[in-house]
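>>> Below are the sequence and a predicted model; questions follow.
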Amino acid sequence: MIKTKNGFTIVELLIVVVVIGILAAITVLAYNGIQARARDNIRYADVKAIMKALELYKADNGRYPGTSVNTTALCAGHNNGYSYSDATDGYWMKQLVDGKYLAKVPTPPNNGCTSFYRYLWPGATTYNCPSRTTNYYILEVQGVEGSPAPPDASDPSSGYNWTPCSGATAGWGAGSSTWVFTKDEL
């Protein structure tokens, strides 16, 4: 009688282990991408809610909320005239929440020194724009994790850079981790 051996060879087991490893790596990478896109979707939903609240505030008050002059931001470098989502004074967001334009203060996922919302409402003629007659606001989302900029981000044809007028001394640009939204106060 011929005896047959049952079982797998070492080569067969190694092939199975390699295939399982490849499938596990693909699954982990896909899952991480989904999480990053989900966080970017939260950021975009927050921006849309903030922009809607800003418009409602303007309809009731005739202008957009001001920017805190003395922001008490938690991160170094966040005291440059913008209002930040990591600021403890919550100046512009506080006005939107207190006025019932927003239910609560939206903060981005991982809110902190590298992921934040910042807002600026300068006067029309600031930044060397003497002929400009309308104010505007700038809302920036920092810390985007790779999603392409939404179609309603400012001036996508020029790399998401925006200047308030020709020859302005200040411009706001967005890199791969930033979205910039602007709106004229017309």
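Received the coordinates, thanks.

>>> Tell me how far the closest residue to residue 169 other than its chain neighbours lies from residue 163.
Leaving aside its sequence neighbours, residue 169 sits nearest to residue 128 (C-beta to C-beta, 6 or more residues apart in numbering; 4.3 Å). Just so you know, the C-beta spots here come from the backbone N, C-alpha and C atoms, and that holds for glycine as well. In this view, residue 128 and residue 163 are 10 Å apart by C-beta to C-beta, to the nearest Å.

>>> Between the two, tell me which one has more neighbours.
Neighbours were tallied for residue 128 and for residue 163 using other C-beta atoms under 10 Å; the higher tally belongs to residue 163 (18 against 14).

>>> Next, give phi and psi for the more buried one.
phi -120, psi 140 (degrees, to the nearest 10).

>>> How about the one 5 residues further on?
For residue 168, the backbone dihedrals are phi -60, psi 150 (criterion: degrees, to the nearest 10).

>>> quick revisit: now for residue 128 and residue 163: what residues contact both?
Taking C-beta atoms under 8 Å, 6 or more residues apart in numbering as the contact rule, residue 128 and residue 163 both touch residue 170.

>>> rewinding a little: and the residue nearest to residue 169, how close does it get to residue 81?
Residue 128 is 15 Å from residue 81, by C-beta to C-beta.

>>> Also residue 183?
Relative to residue 81, and taking C-beta to C-beta, residue 183 is found at 18 Å.

>>> More neighbours: which of these two?
residue 183 (17 against 12).

>>> Just give the closest residue to residue 168, not the sequence neighbours.
residue 127 (4.8 Å).

>>> Is residue 115 in contact with residue 178, as I believe?
No - applying C-beta atoms under 8 Å as the test, residue 115 and residue 178 come out as separate, 10.5 Å apart.

>>> Now the common contact residues for the two.
What both residue 115 and residue 178 touch, as defined by C-beta under 8 Å, 6+ apart, is the set 142, 143.

>>> Neighbour count for these two, which is higher?
Neighbour totals were compared for residue 115 and residue 178, and residue 115 leads with 20 against 17 (other C-beta under 10 Å).

>>> check contacts around that one.
Here residue 115 is in contact with 108, 109, 142, 143 (C-beta under 8 Å, 6+ apart).

>>> In strands, which of these fall?
residue 142 (DSSP state E).
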